[in-house]
Each structure stands twice: as structure tokens, then as C-alpha cells.
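Asks: Pasting the sequence and the predicted model now:
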Amino acid sequence: MSTTKLTLGQKDARLGFKLVLPSVIIIGLLIVYPIFYNIYLSFFNVKMNGDAFYIGFENYNNVLSDPTFWASVGTTFFFVIASTILTTLMGLMVALVMNKKFPLRGLVRSLVLLPYVAPVISTVYSWQFFFDPVNGIFMHLLVDVFHLSASRFNLIGDPQYAIWVAIIFSVWKAFPFTYLMILSRLQTIDNTLYQAAEIDGAGDIRKFWSITLPELYFVMGSIVLLRFIWNFNKFEEVYLLTDNVKVLSVYTYFKAFTGSMDLGQGSALVVIQFSLLVGLILIYVKKVLKW
């Protein structure tokens, strides 16, 4: 009986396949399978006892004809765009400052990272206490100290203001990541570019627009993409902070797991949200990043 000897390349290929196989299985079980199962559920009327009845595209029709859904889409885009832009700008400004030399710079750089590494649940409750209409520090300063308002009001409890609190919280929580990524790129820019610009008579603003920003283009473009994805799917921070900001993730949770507990419509909402996100990512990557 003849045996075929494997070449060194074939042995390496088999070894590589065996090494990645556990990761492939885990990804398939935890990510790929739930995605396809969710798409499957979106075509059914799912009862709480486990029964499911095929209804075709009825869940999608019900979702798309619901005014609350479109209001949630508008809220989501406003939240995502505002928080992404402000987070990027905040991170850029802090990175530019931290790139300069000043006393205790290492300590300050470490302290700036605290909002990002702090547990979400503790920071959320701290913010809720800060904006509490009765005992909160913010209302005390607004009404009693600076007399900017005649009476106290619930800033988080009012949907008109709650969205801004959620945006500010998102910016405060996430800007350290943006700052760290931009700072790491700033430190790799060749200093001779700035020296040559100074010889040509360029000032700080000119050097920023002509050297710094072009060098940061792809880093900031990637940061915007990541922040857009994360903010679009953000649930725990918004939900824990206030239930008056109905972004798509929060709206989907209420639709699927509270009230009528319509898992079919909840699944349809997830599919729509996923499709929107993928479409926007493809447009951004093609038009902005030009990949």
C-alpha cells in the first residue's frame, strides 16, 4: 500500500487549519449562527410558548409602517452623528495638547483615560445623581448658585434634553480612546516636516492644516468608522442612563422583550438595523476612506 508524502507547505497548511479551527467554530456558534437564526425568526410570528407561525414579510411591513420606528431612526442618526463628531474632535484637541511637553504630562495622560476604563454602571449612576432634579449638583449650580433657571427640572427625564445628556455622556466616556489613537499617530509624524514649514514661514495654524491633518486623515477616518459602528449599536449606556432616548437598539429591546414581547418584529428590527449599518459602512469606506 502506497502512502503519499505531504510537502512542507501542505503540512504547514494543515497545521494552520487545525490552529484556526477552534476559533472558526466559536465564531460560527456565537456570531454566524445567531445572525442567520435571527433572520429566520424575522419571518415568523413567535409566541412566548415557543410556537412560531410563518407570516412572510408581515413583521417588516409592521415595523416600516410604525411611526415610532421612524422616530427611532431619526433619534439614532442624530445621536450617532453628533456623538461621533464630538468624540473625534474632543479626542483630537486633547491629543494635540498631550503631545506638547509640560510638567506631570505622564500623570495627566493616565488620568485622561479614566472615563474609558471606568465601569459603565458606576459612571451611569454617578451621572444620574449629578443631574438629579432634587439633590443633583447640576441643578444646584443652575438654580441656586448661578440663578440661570427659576425652578428645577428633570433633565434626564425630558426626551428633549435627555438626548443631549446621552450624547455628552457618550463623548465623555469614549473620547479617551480617540485621543489615544490620534496621539499615537501624532508621535510618529516626522518632525522635519514642521521644521521645513517653519523655514518657509508657516505658522501653527498653517502647519496644522498642511501637515498634521493630512497625516491624521486615515487614522481619524478609521476612528470615525469605528465610533459610528459602536454608537449605532450602543445599548447599555443609553438604556441605563435614561429610557427617554429611543435609539434603535433601545427601541428593539422594548419591542422584543417588554410589553407585547414581539420577538418576530424584534428580529425584523435587528435585520433592518444591521442592513442600514452595513450599507452606511460600505458608502463611508468607498467615498471617504477610498479603500
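Replies: Received the coordinates, thanks.
Asks: from here on, contacts and neighbour counts on C-alpha atoms
Replies: Will do.
Asks: remind me which residues of the stretch 1-150 of the chain are low pLDDT?
Replies: 1-4, 49 (pLDDT under 70).
Asks: Run through the helices of it in chain order.
Replies: Taking DSSP state H, counting those that start in this stretch as the criterion, the stretch 1-150 of the chain carries its helices at 8-27, 33-41, 58-64, 67-98, 105-112, 114-117, 120-130, 137-139.
Asks: my guess is R109 contacts M98, does it?
Replies: Yes: between R109 and M98 there is a contact under C-alpha atoms under 8 Å: 6.9 Å.
Asks: Now do the SS call for V245.
Replies: Assigned by DSSP: H, G, I helix; E, B strand; the rest coil, the conformation of V245 is coil.
Asks: just S151 next, same as before
Replies: coil.
Asks: check contacts around it.
Replies: V143 (C-alpha atoms under 8 Å, 6 or more residues apart in numbering).
Asks: try it again with 6 Å
Replies: Applying C-alpha atoms under 6 Å, 6 or more residues apart in numbering to S151 gives no contacts.
Asks: i'd like the first residue to be 48 from this point on
Replies: Yes, from this point I'll number from 48; that puts the last item at S198.
Asks: Next, it: phi, psi?
Replies: phi -140, psi 160 (degrees, to the nearest 10).
Asks: Okay, it and I184: tell me how far apart.
Replies: Shown here: S198 relative to I184, a distance of 14 Å by C-alpha to C-alpha, to the nearest Å.
Asks: Next: A221.
Replies: Taken as C-alpha to C-alpha, the span from A221 to I184 is 23 Å.
Asks: what about the two, which has more around it?
Replies: A221 (23 against 14; other C-alpha atoms under 10 Å).
Asks: Spatially, what comes nearest to the more buried one if we skip its sequence neighbours?
Replies: Distances taken as C-alpha to C-alpha, 6 or more residues apart in numbering place Y163 nearest to A221, at 5.8 Å, with adjacent residues excluded.
Asks: Also N291?
Replies: P206 (5.1 Å).
Asks: where does the one you found land on pLDDT?
Replies: On pLDDT, P206 comes in at 81.
Asks: you'd agree it is up against K293?
Replies: No: using C-alpha atoms under 6 Å as the test, P206 is too far from K293 to be in contact (8.9 Å).
Asks: who's more crowded, these two?
Replies: For P206 versus K293, the count of surrounding residues by other C-alpha under 10 Å is larger for K293: 25 against 16.
Asks: Please report how far that one lies from G103.
Replies: K293 is 27 Å from G103, by C-alpha to C-alpha.
Asks: and if you look at I270?
Replies: Separation of I270 from G103 (C-alpha to C-alpha): 39 Å.
Asks: which one of the two has more residues nearby?
Replies: I270 (20 against 12).
Asks: the inter-axis angle of the helix or strand containing the more buried one versus helix 114-145?
Replies: I270 is part of helix 260-279, with elements assigned from DSSP states H and E. Orientation of helix 260-279 against helix 114-145 (axes from the mean of the first three to the mean of the last three C-alpha atoms, to 10 degrees) gives an angle of 140 degrees.
Asks: got the buried residues for helix 260-279?
Replies: 262-263, 266-272, 274-276, 278-279 (16 or more other C-alpha atoms under 10 Å).
Asks: quick one: it to chain centroid distance?
Replies: In terms of C-alpha atoms, centre = their mean, to the nearest Å, the centre of helix 260-279 is set 11 Å apart from its chain centre.
Asks: Could you point out the helix or strand that follows it?
Replies: helix 283-288.
Asks: tell me which residues of that following helix are tucked away?
Replies: Buried residues in helix 283-288 (16+ other C-alpha under 10 Å): E284, V285, Y286, L288.
Asks: Low-confidence ranges, the stretch 198-338 of the chain, go.
Replies: 307, 338.
Asks: how about the helices in it?
Replies: Under DSSP H, counting those that start in this stretch, the stretch 198-338 of the chain gives helices at 206-233, 238-246, 251-254, 260-279, 283-288, 295-304, 310-331.
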